[in-house]
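**Q** what follows is a protein structure lacking sequence information:
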């Protein structure tokens with residue numbers, strides 16, 4: 001468990017000292033108290049020449065530290081592309097996981113090291129391995145907006161519709177984080193657009209909540225279901241109305257969403273828009289004459305959109321239709 005001169009030289013990056021020690025018979029695979037070998041230290045600290053020298057002397061590429069973290073995981077985590085290349089050529093296992101169940105692919109994805117991810121994919125790793133939080137490499141790339149990595153993982157066979165421990169899909173991660181190009185790529189790979197997360201929110205709902213108009217438009221063009229409601233009855237139109245986003249409300253109405261949909265309190269989009277004094281949204285909702293009957297539909301408290309408007313000195317309906325309501 002004690003540190004040898006070779007460990008110190010490998011840790012500090014003293015290549016010529018390493019070379020001399022190896023020439024004089026230093027043992028390359030001894031471990032310290034954390035089960036770290038000289039190769040682990042050199043790989044994790046980016047000392048390419050030392051890694052090369054140790055490998056030439058028979059250093060074990062598969063030896064892990066006390067958490068099982070191998071030289072390859074360390075090099076991938078730090079983004080040392082040339083060292084990764086050396087270790088792979090020396091036969092390092094691409095699927096051995098270390099601390100937090102991190103595999104080389106997971107840590108390379110976390111670091112946004114696209115060239116390393118591509119190198120690993122050539123060695124056919126398990127692209128669907130998960131870390132201790134239940135995240136795959138693809139879910140990490142979708143959350144963080146690493147478009148090139150996300151596309152590479154999809155092309156390598158990563159599960160598109162896998163849900164994490166919160167029930168969120170890759171599409172939900174990309175939509176809630178505003179990553180348009182990844183949302184587009186997932187849709188092209190036949191992602192389930194309408195799968196809701198554990199909180200009942202779909203990708204469409206998240207995009208509306210965050211105000212990502214372009215992503216909302218993209219999801220609607222892929223025929224996202226506008227009527228999926230959460231446990232409290234909240235749906236896409238009600239959320240867009242609460243968010244006072246007239247542009248999204250207009251898109252939803254154009255997609256023939258149900259303007260009559262109500263939440264658990266009985267509030268329709270018209271109730272919400274009247275309370276918010278949003279003339280623009282009320283106009284959009286009443287563009288279809290059939291929806292005018294909703295002005296007189298009460299919620300559970302007995303309020304109608306008409307009553308709500310009447311209680312304000314400056315009537316929205318009077319502004320839209322003239323002084324006589």
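**A** Yes, it's here. Source: prediction; values computed, not measured.

**Q** which residue ranges of the stretch 151-300 of the chain form helices?
**A** Applying DSSP state H, counting those that start in this stretch to the stretch 151-300 of the chain gives helices spanning 170-177, 180-188, 203-210, 213-221, 236-242, 246-254, 269-275, 279-285.

**Q** now those in TSV, with mean neighbour count?
**A** The way it works is simple: take the backbone N, C-alpha and C, and place the C-beta from them, glycine included. Putting those into TSV (neighbours: other C-beta atoms under 10 Å) gives the following:
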stretch	mean neighbour count
helix 170-177	28
helix 180-188	20
helix 203-210	26
helix 213-221	19
helix 236-242	26
helix 246-254	20
helix 269-275	26
helix 279-285	21
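
**Q** now render the ones you listed as CSV, adding mean pLDDT.
**A** Putting these into CSV (pLDDT from 0 to 100) gives the following:
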stretch, mean pLDDT
helix 170-177, 98
helix 180-188, 99
helix 203-210, 99
helix 213-221, 99
helix 236-242, 99
helix 246-254, 99
helix 269-275, 99
helix 279-285, 98
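
**Q** let's have those helices in TSV, adding distance to residue 13.
**A** Shown next, in TSV, are the helices of the stretch 151-300 of the chain (distance: least, C-beta to C-beta, whole Å):
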stretch	distance to residue 13
helix 170-177	38
helix 180-188	38
helix 203-210	45
helix 213-221	46
helix 236-242	55
helix 246-254	55
helix 269-275	63
helix 279-285	63
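
**Q** so which of those gets nearest residue 70?
**A** Of all the helices of the stretch 151-300 of the chain, helix 170-177 sits nearest to residue 70, with 27.2 Å by C-beta to C-beta.

**Q** tell me which element residue 3 falls in.
**A** Following DSSP states H and E, there is no helix or strand that holds residue 3.

**Q** so who does it touch?
**A** Neighbouring residues of residue 3 by C-beta atoms under 8 Å, 6 or more residues apart in numbering: residue 32.

**Q** right, and the helices of the stretch 151-300 of the chain - which one's nearest residue 230?
**A** Nearest to residue 230 among those is helix 203-210; the distance by C-beta to C-beta comes to 7.5 Å.

**Q** please name every helix or strand in contact with that closest one.
**A** In terms of contacts (3 or more C-beta pairs under 8 Å, 6 or more residues apart in numbering; DSSP states H and E), helix 203-210 is packed against helix 170-177, helix 213-221, helix 236-242.

**Q** could those helices go into JSON lines alongside distance to residue 130?
**A** Listed next are the helices and strands packed on helix 203-210 as JSON lines, based on distance: least, C-beta to C-beta, whole Å:
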{"stretch": "helix 170-177", "distance to residue 130": "13"}
{"stretch": "helix 213-221", "distance to residue 130": "26"}
{"stretch": "helix 236-242", "distance to residue 130": "30"}
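
**Q** do you know which of those helices lies nearest residue 16?
**A** Among the helices and strands packed on helix 203-210, the nearest to residue 16 by C-beta to C-beta is helix 170-177 (47.4 Å).

**Q** remind me what the closest one packs against, helices and strands.
**A** helix 137-144, helix 180-188, helix 203-210.

**Q** now do 10 Å
**A** helix 137-144, helix 147-155, helix 180-188, helix 203-210, helix 213-221 (3 or more C-beta pairs under 10 Å, 6 or more residues apart in numbering; DSSP states H and E).

**Q** out of those, which is closest to residue 300?
**A** helix 203-210 (22.8 Å).

**Q** got the angle for the closest one vs helix 180-188?
**A** Between helix 203-210 and helix 180-188, the angle comes out at 160 degrees (axes from the mean of the first three to the mean of the last three C-alpha atoms, to 10 degrees).

**Q** many thanks, have a good one.
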